[in-house]
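1. All I have is the shape, not the residue letters:
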C-alpha cells in the first residue's frame, strides 16, 4: 500500500507553526499509545506523523532563508520546546509578501521580543502559486498575524489559483464569507476556517459554561473574558485597530449559543494586554453573572493558564487531516463539521457536542462535509 502523506505549506513560521511541527515529530517518535494531546489519533488513515511540511513563508530576517527545522526555534518564537529533535527538512523559509502583516508599532520594541523585518525580495502571487504547484502541496495553513487582512486574502487567492486547500487559522473572515466560500466551492477546493479554536482554550471553556447556563435554565446577564500573554501575537494586538475581526470572532463564538440578546454593554470578550515575561503562556479570566430559580443571582469566576501555541496545534492537527480527507473524496467548499469543531468563527456555528458528532460522522464518511 502506498504511504499516505499530507503535504502542507505554512505561512507564518511562528509559535503555532513551531508547536505543530514539533508535534508531528513528537508523535512520530512516541506513537499514540499512552500519549495524551490528540483529539483523533487516526483520521481517514492519516496519523499525525503523515503530515509533511513542503513549503513555508515568513517575513522575519531570522527565519527567511533558513531550513524550517531551524526557523521554528528562532526568535521571537518563545513557545515550549517539547520535541527538540526536529530533523532538517530540506525546506527553506521563503520571504513572504509583507502587505499589512507587520504592525508598525512593533518596531518600537527590542528585536528579540518582536519581528526583525527581512530585507529580501518578497514572493509575488505568481511565485507563491508556482511554489505550491511545484511542491505538490495539499494544504496551506494561514498563520499571518491578527489584523493582516490583505495578507490573509493574498494567500487565499494563491490557494484558489494553485488548487490547494486553505486552512485559515486567523480571524480574517474568508471561509465564513459567502463570496469567498463560493469561490472555493466552484474551484473544487475544500477549506477550513476561520480563527483557530484551541483544544482547551478560553473560547471553548467560555462556550461550554455558556451552554451549561442555557441548558440548566440560568439567565446569563453579563460576562467578560480578559486575555493576556507574552508572545508576539499579544504584542501585535496592542494595536486596537487590528482587533475588529478578532473581537467579533471571539464574541460571536460565545453569544451564538445564547437564545436571547445580552446587549453590547453586557459582553466583553477579547485580548487585553501584553506581558513579556509570560512568553507563550496565555492567561484568561472569565466571569459570568446570571440568575437562578426565583431570579436569585449567581456568579462564576474562572482563571485559565495555558501554553498558547501547543493548545492551538492540538486543533490544527485534526483540521489538516480532515482537509486532506475531503480532497481525497472530492469534496469542495467550506467543511462545516471540522470548521465548527476547531474554529471560533466557522461558516455555521454549532454547539461543541454537535460539532464533535459531525466530525465523527465526516471521518466515517456518513457526512459530506
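-> Nice, thanks for sending it over. For clarity, every value in this text was computed on a predicted model and none was experimentally measured.
2. in the stretch 251-369 of the chain, which segments are predicted with low confidence?
-> Within the stretch 251-369 of the chain, no stretch has pLDDT under 70.
3. For it, which segments count as strands?
-> Counting by DSSP state E, counting those that start in this stretch, the stretch 251-369 of the chain has these strands, from start to end: 267-274, 281-291, 297-307, 333-334.
4. Of the ones you listed, which stretch is the most buried?
-> Neighbour counts (mean count of other CB atoms under 10 Å) averaged over each of the strands of the stretch 251-369 of the chain peak at strand 333-334, with a mean of 24. For the C-beta atoms, the positions are set from N, CA and C on the backbone; glycine is no exception.
5. now that one, how far from the chain's geometric center?
-> Remark: strand 333-334 is offset 17 Å from the chain centroid, using CA atoms, centre = their mean, to the nearest Å.
6. who's in contact with the closest residue to residue 22 other than its chain neighbours?
-> The spatially closest residue to residue 22, leaving aside those adjacent along the chain, is residue 83, at 4.0 Å (CB to CB, 6 or more residues apart in numbering). For residue 83, the contacting residues are 22-23, 25-26, 29, by CB atoms under 8 Å, 6 or more residues apart in numbering.
7. same thing but at 6 Å, please
-> 22, 25-26 (CB atoms under 6 Å, 6 or more residues apart in numbering).
8. Narrow the residues you listed to those in helices?
-> Using DSSP state H, the subset of those located in helices is 22, 25-26.
9. re earlier: distance to residue 357 added to the strands of the stretch 251-369 of the chain, as TSV?
-> As requested, the strands of the stretch 251-369 of the chain are exported to TSV (distance: least, CB to CB, whole Å):
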stretch	distance to residue 357
strand 267-274	26
strand 281-291	25
strand 297-307	25
strand 333-334	18
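10. So residue 96 is in contact with residue 55, correct?
-> No: counting by CB atoms under 6 Å, residue 55 is not a contact partner of residue 96; they are 10.9 Å apart.
11. which one of the two has more residues nearby?
-> More crowded of residue 96 and residue 55, by other CB atoms under 10 Å: residue 96, with 27 against 23.
12. Now the more buried one. Nearest residue, chain neighbours left out?
-> residue 57 (3.6 Å).
13. Quick check, that neighbour in contact with residue 98.
-> No: counting by CB under 6 Å, residue 57 does not reach residue 98; the two are 10.6 Å apart.
14. Who has more neighbours out of the two?
-> residue 57 (28 against 14).
15. State the paired neighbours of the helix or strand harbouring the more buried one in the sheet, together with their directions.
-> Counting by DSSP states H and E, the element that carries residue 57 is strand 51-58. Strand pairing for strand 51-58, determined by DSSP bridges: strand 6-11 (parallel), strand 93-95 (parallel).
16. Let me see the contact set for residue 189.
-> 165, 332.
17. From residue 12, how far off is it?
-> 20 Å (CB to CB, to the nearest Å).
18. which SS state does the closest residue in space to residue 245 that isn't next to it in sequence fall under?
-> Spatial nearest neighbour of residue 245, excluding adjacent residues (CB to CB, 6+ apart): residue 171 at 4.4 Å. The three-state label given to residue 171 by DSSP: H, G, I helix; E, B strand; the rest coil is coil.
19. Backbone torsions only: list them for residue 171.
-> Residue 171 adopts backbone torsions of phi -80, psi 40, taken as degrees, to the nearest 10.
20. so who does it touch?
-> Counting by CB under 6 Å, 6+ apart, residue 171 has contacts 195, 245-246, 249.
21. now do 10 Å
-> Applying CB atoms under 10 Å, 6 or more residues apart in numbering to residue 171 gives the contacts 146-147, 149, 152, 193-196, 242-250, 343-345.
22. Please narrow these to those residing in helices.
-> 149, 152, 244-250.
23. ok, those residues vs residue 37, which is closest?
-> Using CB to CB, residue 250 comes nearest to residue 37 of these, at 23.5 Å.
24. residue contacts, the closest residue to that closest one other than its chain neighbours?
-> Residue nearest to residue 250 in three dimensions, not counting chain neighbours: residue 269, with 4.8 Å by CB to CB, 6+ apart. By CB under 10 Å, 6+ apart, the residues touching residue 269 are 202-203, 206, 223-227, 246-255, 284, 286.
25. buried subset of those?
-> The neighbour-count criterion (16 or more other CB atoms under 10 Å) marks 202-203, 206, 223-227, 246-251, 253-255, 284, 286 among the contacts of residue 269 as buried.
26. So residue 345 versus residue 194, what's the distance?
-> Residue 345 is 5 Å from residue 194, by CB to CB.
27. ok, which stretches of the protein are helices?
-> Counting by DSSP H, the helices of the chain are 15-30, 68-71, 125-134, 149-162, 178-186, 202-215, 232-236, 244-255, 308-329, 336-342, 352-364.
28. Give me whichever of those helices is most buried.
-> Taking mean count of other CB under 10 Å, helix 336-342 is the most buried of the helices of the chain, at a mean of 27.
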